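1. turn this into a model:
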Amino acid sequence: MLFRVIVSSQDIRRVTLDSVPESVKELCVTLRTILGLQGNFLLQFEDPDFGNELCNLTDIKDLPSDRVTLKVLFTASDSVSDLALQTTSLSAPTAASSVEWPDPFFIPDFSHDVELQLSAANDAYARNGTVMVISKSVKSEILDKLADVISKITPYPSKDQYESVAKALVAKHPCLREPVSAKEWYYWVFSLKFKMGNYRQRLMAAGCPEVIVNKRKRGQTIIKAIKKSKKGEIHYLPNPPEGQSAVTSEENRTTMLLEVQKSDPDLQLLDKLMALTFSQRRKEIIGDEPLISVVMDRWPGLFNQRQISAEFNRIVTTDLLQSFLDGLDAFVPSLLELYKAAVSSSRRLSLTSVMQCLNKEDTNQNRRTAALLGLPLFFSEDTSGIIKMCDVHGETLDALMKGMHVGLLIGHEGVLQDAFPLEIFNVAVVVEETIVLHNLRDVPTAFAMLMGTIYCLNLEYPGNMKYSFEFLQKVVMKIKPDQCSARIHGLRNKLLRYPL
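-> Next up, the predicted model:
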């Protein structure tokens with residue numbers, strides 16, 4: 001049976017089940033496992049008897065046959081905005097980084113006495129434009145409530161997010177405006193920043209994992225700590241699934257280790273076990289920052305194309321390969337035209353050999369490869385330690401991987417006379433001088449898997465190719481597209497205006 005499952009407006013999944021579950025509860029458990037959903041939720045379905053309007057699913061027999069569209073509605077004891085709750089899973093009332101930022105931001109109701117004071121002040125503002133003289137107790141109540149709601153989404157709001165809260169606050173309660181300021185809401189931005197700083201101390205004392213990780217002193221780890229969710233992760237450091245303990249998680253990990261060792265492992269069982277151990281794995285990778293050899297020993301099931309894609313989906317709620325290739329294809333024609341113009345004007349002669357490869361064999365796959373390999377050359381970035389071509393019968397892998405923190409090995413046969421091989425033998429993803437993925441069929445797929453590996457292992461983008469990776473994330477994959485650097489923003493605008 002085929003299901004179209006709407007988790008959020010940005011996250012719509014296709015799920016195929018061999019048979020219809022016997023009950024709604026069993027269907028919820030199945031979807032929770034396959035999609036990696038966390039927290040409590042109910043299901044709605046498009047009812048053909050009512051023009052495909054949504055109805056709550058209470059009896060499995062009400063489902064249409066063959067194809068069904070379901071909508072997941074997350075429930076929580078506290079009132080974060082309905083919009084926020086519908087965007088993605090909310091693992092627990094104290095969970096951080098598990099709800100997408102709502103737009104517009106939802107301002108909650110305050111205590112009854114504060115609401116009465118605000119109502120009277122809003123009426124006075126409507127009559128004569130008089131703003132409210134805010135007492136210390138009222139201000140404290142407002143900031144505490146807002147900090148509580150914000151922390152359920154992220155303990156580390158960005159500048160734009162702080163501003164969206166302040167704007168929404170004065171829009172709902174115009175009596176809180178500051179008339180002497182050009183931005184009448186800006187006073188609240190500074191107050192919220194100070195309040196969130198204090199609130200994070202309370203979260204740390206309560207055991208919030210993400211805040212505890214980010215409070216580590218630099219000397220406590222060998223590798224420089226990576227603070228906060230920086231690349232658009234939605235489930236950066238999630239709480240365990242409801243009812244899951246450290247003991248059961250470790251038992252699931254042990255079962256996974258045994259299953260991986262089989263010559264013909266059960267892929268569906270591995271999918272389930274990887275989803276159940278997601279929280280433990282993220283806690284180890286982010287909290288302990290282990291060497292790649294340790295991660296591969298403890299989580300060998302992660303290191304294949306299927307599981308990297310699934311893990312990326314759990315972290316960002318985005319299909320890795322589809323979003324990468326679809327986004328890339330949208331920009332390939334403009335990028336190649338931009339490269340041609342740069343070569344003809346002698347601004348980027350290093351791109352000449354890349355464009356010459358297309359003259360020899362202009363296929364869709366080669367156009368994708370040229371667009372990707374030409375990107376760092378266009379930015380004048382050094383790829384020597386990140387992207388390496390290797391003759392499969394030539395230099396030893398150990399010598400080639402020496403000094404590679406993260407990157408790609410593109411394998412070919414014979415002497416390479418072009419910018420990239422027109423016939424690729426094998427592509428491998430390398431982390432800390434170790435091959436973690438191999439037998440990738442082409443360069444575009446390998447780039448997607450490299451992006452997925454960086455997210456799954458919580459790695460930093462290579463500094464020598466920071467603009468290329470930022471372009472791939474924010475422009476190609478559209479993850480946090482509104483937070484581009486000036487250079488990437490300018491290139492994106494140029495590409496969107498470029499004549500095809």
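2. any idea how far Thr69 lies from Asn313?
-> Shown here: Thr69 relative to Asn313, a distance of 20 Å by C-beta to C-beta, to the nearest Å. Yep, even glycine has a C-beta here, placed from its N, CA and C like the rest.
3. quick one, which of those two is more surrounded?
-> Set Thr69 next to Asn313 and count neighbours by other C-beta atoms under 10 Å: Asn313 wins out with 19 against 16.
4. with adjacent residues omitted, what lies nearest to that one?
-> Nearest non-adjacent residue to Asn313, counting by C-beta to C-beta, 6 or more residues apart in numbering: Asp319, 6.3 Å away.
5. and the closest residue to Glu470 other than its chain neighbours, what element?
-> In space, and not counting its chain neighbours, Glu470 is closest to Ile488: 5.2 Å by C-beta to C-beta, 6+ apart. Under the assignment given by DSSP states H and E, the secondary-structure element containing Ile488 is helix 486-497.
6. and that helix, what does it pack against?
-> helix 320-344, helix 466-471 (3 or more C-beta pairs under 8 Å, 6 or more residues apart in numbering; DSSP states H and E).
7. what comes up buried for that helix?
-> Residues Ile488, Leu491, Arg492, Leu495 are the ones in helix 486-497 that count as buried (16 or more other C-beta atoms under 10 Å).
8. need these in CSV with pLDDT, can you?
-> Conversion of these to CSV gives the following (pLDDT from 0 to 100):
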residue, pLDDT
Ile488, 94
Leu491, 92
Arg492, 91
Leu495, 91
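9. among these, which one lies nearest to Asp148?
-> Closest approach between the buried residues of helix 486-497 and Asp148, by C-beta to C-beta: Ile488, at 34.7 Å.
10. do I have it right that the residue nearest to Asn313 meets Leu325?
-> No: Asp319 sits out of contact with Leu325 when judged by C-beta atoms under 8 Å, with a separation of 9.9 Å.
11. name the residues that touch the helix holding Ile488?
-> Taking C-beta atoms under 8 Å, 6 or more residues apart in numbering as the criterion, the residues outside helix 486-497 that touch it are Phe331, Ser334, Leu335, Leu338, Phe379, Tyr467, Glu470, Phe471, Lys474, Val475, Cys484.
12. most surrounded residue in the residues you listed?
-> Most neighbours among those, by other C-beta under 10 Å: Phe471, with 25 neighbours.
13. next, the distance between the ends of stretch 414-434.
-> From its first residue to its last, stretch 414-434 covers 24 Å (C-alpha to C-alpha, to the nearest Å).
14. okay, and the helix or strand of the protein with the least pLDDT?
-> The helix or strand of the chain with the lowest confidence, counting by mean pLDDT, DSSP states H and E, is helix 82-87 at a mean of 37.
15. now for the next helix or strand after that one, which elements pack on it?
-> Moving toward the C-terminus from helix 82-87, the first helix or strand encountered (DSSP H and E) is helix 112-128. Applying 3+ C-beta pairs under 8 Å, 6+ apart, one finds that helix 112-128 contacts helix 136-153.
16. for the helix it packs on, the averaged confidence score.
-> If you average the pLDDT over helix 136-153, you get 90.
17. relative to helix 136-153, how tilted is the helix or strand just after that helix?
-> Past helix 136-153, heading to the C-terminal end, the next element that is a helix or strand (DSSP H and E) is helix 159-172. Here helix 159-172 runs at 130 degrees with respect to helix 136-153, directions being taken by axes from the mean of the first three to the mean of the last three C-alpha atoms, to 10 degrees.
18. okay, buried residues for stretch 295-315 please.
-> Judged by neighbour count (16+ other C-beta under 10 Å), stretch 295-315 contains these buried residues: 295, 298-299, 301-305, 307-315.
19. could you list which of the residues you listed belong to strands?
-> Secondary structure defined by DSSP state E assigns none of those to strands.
20. show me the residues you listed that map onto helices.
-> Of those, the ones assigned to helices by DSSP state H are Val295, Arg298, Gln305, Gln307, Ile308, Ser309, Ala310, Glu311, Phe312, Asn313, Arg314, Ile315.
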